[in-house]
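Asker: Test case, fold it:
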Amino acid sequence: MNSEKSDLRAWAKMTPQRIVIRQSDKRIQLDQEVGGKHASVSVSYPTDGSEEIVSRFDHHEKAVRAHWSKGVLVVEERVIVRSVGMPEVEDQEMTRTRWLLSDDGKVLTLKNAERATTTTFDRQE
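Answerer: Next up is the predicted model:
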């Protein structure tokens, strides 16, 4: 991550420091180093726009979907919280991150309007 070019909030401590991206025909995999101790996190998204549940914990569920739009990868994450004792009552939070690659392929910019953040990565050889 290039912190000089990024616009992050103080609470954005889990921002990846490094991302390795692999894409197949229908999926994109992101291997990320996050936090000060360089913990590794790997996530995989379908790129056909279909939604997939990636985690469940107690009364929380996280669903993701990704699709290409005019050369930009759009990743949508939705967290669903269901009320205890009333599963039909739920609250949702949606975030949408746009992944833009520079024309020369050397700079990756992630923009998230809901969190008001921009994260910039320089390509490492």
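
Asker: Strands along the chain, start to end?
Answerer: 16-23, 27-34, 39-46, 52-57, 60-69, 72-83, 86-101, 107-112, 117-122 (DSSP state E).

Asker: tell me the angle the fourth one makes with strand 60-69.
Answerer: Translated: strand 52-57. Put simply, strand 52-57 runs at 160 degrees to strand 60-69, going by axes from the mean of the first three to the mean of the last three CA atoms, to 10 degrees.

Asker: who does strand 52-57 touch, helix- and strand-wise?
Answerer: strand 39-46, strand 60-69 (3 or more CB pairs under 8 Å, 6 or more residues apart in numbering; DSSP states H and E). (Each C-beta comes from the backbone N, C-alpha and C, glycine too.)

Asker: Most tightly packed of the ones you listed?
Answerer: strand 60-69 (a mean of 15; mean count of other CB atoms under 10 Å).

Asker: what is the orientation angle of that strand with strand 39-46?
Answerer: Using the same axes, to 10 degrees: strand 60-69 against strand 39-46 is 60 degrees.

Asker: Would you mind getting the angle between strand 60-69 and strand 86-101?
Answerer: Using the same axes, to 10 degrees: strand 60-69 against strand 86-101 is 30 degrees.

Asker: can you list contacts of strand 60-69?
Answerer: For strand 60-69, contacts defined as CB atoms under 8 Å, 6 or more residues apart in numbering pick out 28, 43, 45-56, 73-82.

Asker: Columns distance to Ala113 and mean pLDDT on top of the helices and strands packed on strand 52-57, output as TSV?
Answerer: Putting those into TSV (distance: least, CB to CB, whole Å; pLDDT from 0 to 100) gives the following:
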stretch	distance to Ala113	mean pLDDT
strand 39-46	19	83
strand 60-69	14	89
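
Asker: Redo those strands as TSV? Include distance to Val20.
Answerer: Formatted as TSV, the helices and strands packed on strand 52-57 follow (distance: least, CB to CB, whole Å):
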stretch	distance to Val20
strand 39-46	9
strand 60-69	16
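
Asker: right, so of those strands, which gets closest to Ser24?
Answerer: Counting by CB to CB, Ser24 lies closest to strand 39-46 out of the helices and strands packed on strand 52-57; the figure is 9.5 Å.
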